[in-house]
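Q: coords below, sequence missing:
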């Protein structure tokens, strides 16, 4: 009988309680994944011991043969998963099994709708690990002892998944962790040797440690000798020709703790100046903390097949933080640390090569399967948009992967590539035109697009919050310059005829007095007033100065609490418009100023910006309406 001491009952963290309830109900249709998750955790524990033992081999305690043992008891209706890995202390157990130490967990759980099918996919983004045990068990026991700790410091943890758990100190000879699942009555199918073997082969064949079970004779299920039921070979070390697609997919789910298949992967062995193997994956769905730039990210690092660390972020830039996978190098030392990785020239060379590989994977996916690439873009496009600012040397390659909404499609979805846009450019068009706005409808209805509609020129519509910032780092693509249609002088190239240019110059000269009068009336609000070549239907519009900050960037800086530089817009007037012609005929200075201010406020609203003084605008408009009524 096990003697327990220091026994206490503790409550699960609120987020754990919520996750347990949601998971037990949402994932029930795919309950067999519990074994994959628990074996994956056991494999991680073995990896961590092997790494720790590089510095202190006494942690092996005389047993360096690492393995995962799987057993069952039909009579007791239990399944047991045991490893002889790193193990846990009492504090480790409370931290790892009682709380979820992931920032953003509460916000993530608020997204869950109660719709089991939708929630099961979202929970897959989160990664449930150990808690998947409660899908099939109504009681779970954990026995563990940290490698190197005294026998008396074993820990016994137990819970029914109902909001609390007990934890006690026990004597435990064996280091590592043993999990005993007391199966629910409708999950007794798993207390069966052949069923468990099938699941190991299906989900965990690629685990690099042996998963051991006792062999069974055909005579009434008698148990025999130990046998390894998985291949127990690190998948990435095998030749590509020997690996099936299903094996690649299951290995991804093991390292990413994901429930869905990846979109694509690339397995590559490099020999020569550098000697390393990489297996990289693009997930199908974004993790819940993708936009937290401080969240753990990166590849699993192995050196000469020995696990070194999870989340080695030095091997890929931040804008590719969605990529998952393994890198195994023969050129790094076994005692490499995060600090050494930061300044290692070998790491920098591998990083450059892996970055190119991920971008090539995405290019290939976009060409081979545009539908799947569109799925990738919907999940990760905003993160990829960070690339031009962070990775100068790959800007052109990243730009080719970007997708945009456009006036050509008229849809809000971002599907147009720059290559497609260039292929549709008008004869004589030299620039790639785009417009930025807070949302798609504001951009689509912007007066700045009027001349482009008239000329049949396609304009890219950029409405993500990051877009204006991104375009600050993209000056050209395929030797074509980008032009913001709402910034600076508008150059339509040879699409604008000589006659168009002459008409604009003549209009500016003919109405010079009007433009100066408006500028005087609005001198504290605008930097210049000029005749436009942008408008066909609207009376006026606002234009951002060539080197001034746009509205999107101002909002980002304000939200970050940073000081926004002062700048006034350029006010462009459509001198052919009846309202402008009515303004021109106004003799009284006060009334002229009122009308000019209304035109400016309307142009401000049309550009998607807020008025500095909405009340004054309403008062002016009301006065004008009353005059009309009389």
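A: Looks like it came in fine. Please read all numbers here as calculations on a predicted model, not as lab measurements.

Q: helix/strand/coil for residue 246?
A: helix (DSSP: H, G, I helix; E, B strand; the rest coil).

Q: again with residue 394
A: Classified using three-state DSSP, residue 394 is helix.

Q: and residue 624, what is it in contact with?
A: Residues near residue 624 by Cβ atoms under 8 Å, 6 or more residues apart in numbering: 594, 595, 598. C-betas here are computed from N, CA, C, even on glycine.

Q: My guess is the last one contacts residue 619. True?
A: No - here residue 598 does not reach residue 619: they are 10.4 Å apart, not a contact under Cβ atoms under 8 Å.

Q: For these two, work out which one has more neighbours and name it.
A: With neighbours defined as other Cβ atoms under 10 Å, residue 598 and residue 619 compare such that residue 598 has more, 19 against 12.

Q: got a pLDDT number for that one?
A: We have a pLDDT of 90 for residue 598.

Q: For the closest residue to it other than its chain neighbours, which three-state class applies?
A: Leaving aside its chain neighbours, residue 598 sits nearest to residue 620 (5.3 Å; criterion: Cβ to Cβ, 6 or more residues apart in numbering). Following three-state DSSP, residue 620 is assigned to helix.

Q: tell me the pLDDT at residue 620?
A: Reported pLDDT for residue 620: 85.

Q: Closest one to residue 59 out of the contacts of residue 624, please.
A: Each of the contacts of residue 624 was checked against residue 59 using Cβ to Cβ; the closest is residue 598, at 78.4 Å.

Q: so what's the closest one up against?
A: 617, 620, 621, 624.

Q: hang on, the earlier thing: doesn't residue 600 make contact with the residue nearest to residue 598?
A: No - in terms of Cβ under 8 Å, residue 620 does not count as a neighbour of residue 600; the distance is 10.4 Å.

Q: which of those two has more neighbours?
A: Between residue 620 and residue 600, counting by other Cβ under 10 Å, residue 600 is the more crowded of the two (22 against 16).

Q: what about stretch 548-567, start to end distance?
A: End-to-end distance for stretch 548-567, by Cα to Cα, to the nearest Å: 7 Å.

Q: for that stretch, what is the average pLDDT?
A: What stretch 548-567 shows for mean pLDDT is 70.

Q: still on that earlier bit, out of the contacts of residue 624, who's nearest residue 584?
A: Using Cβ to Cβ, those come closest to residue 584 at residue 595, 10.1 Å.

Q: now the closest one: how far from residue 624?
A: Going from residue 595 to residue 624 by Cβ to Cβ, to the nearest Å gives 8 Å.

Q: any weak-confidence spans in the stretch 451-600 of the chain?
A: 549-560 (pLDDT under 70).

Q: which residue ranges form the helices in it?
A: 467-471, 498-510, 512-521, 551-559, 578-584, 589-606 (DSSP state H, counting those that start in this stretch).

Q: Which of the residues in stretch 616-625 are classified as buried?
A: Neighbour-count burial for stretch 616-625, counted by 16 or more other Cβ atoms under 10 Å, picks out 617, 620.

Q: Lowest average confidence across helices and strands of this protein, where is it?
A: Here the helix or strand of the chain ranked lowest by mean pLDDT, DSSP states H and E is helix 116-126, holding a mean of 53.

Q: domain ranges for this protein?
A: Taking automatic domain parsing as the reference, the chain has its domains at 4-230, 236-376, 403-494, 498-629.

Q: Could you export those as JSON lines, including distance to residue 387?
A: Below are the domains of the chain laid out as JSON lines (distance: least, Cβ to Cβ, whole Å):
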{"stretch": "domain 4-230", "distance to residue 387": "22"}
{"stretch": "domain 236-376", "distance to residue 387": "4"}
{"stretch": "domain 403-494", "distance to residue 387": "8"}
{"stretch": "domain 498-629", "distance to residue 387": "17"}
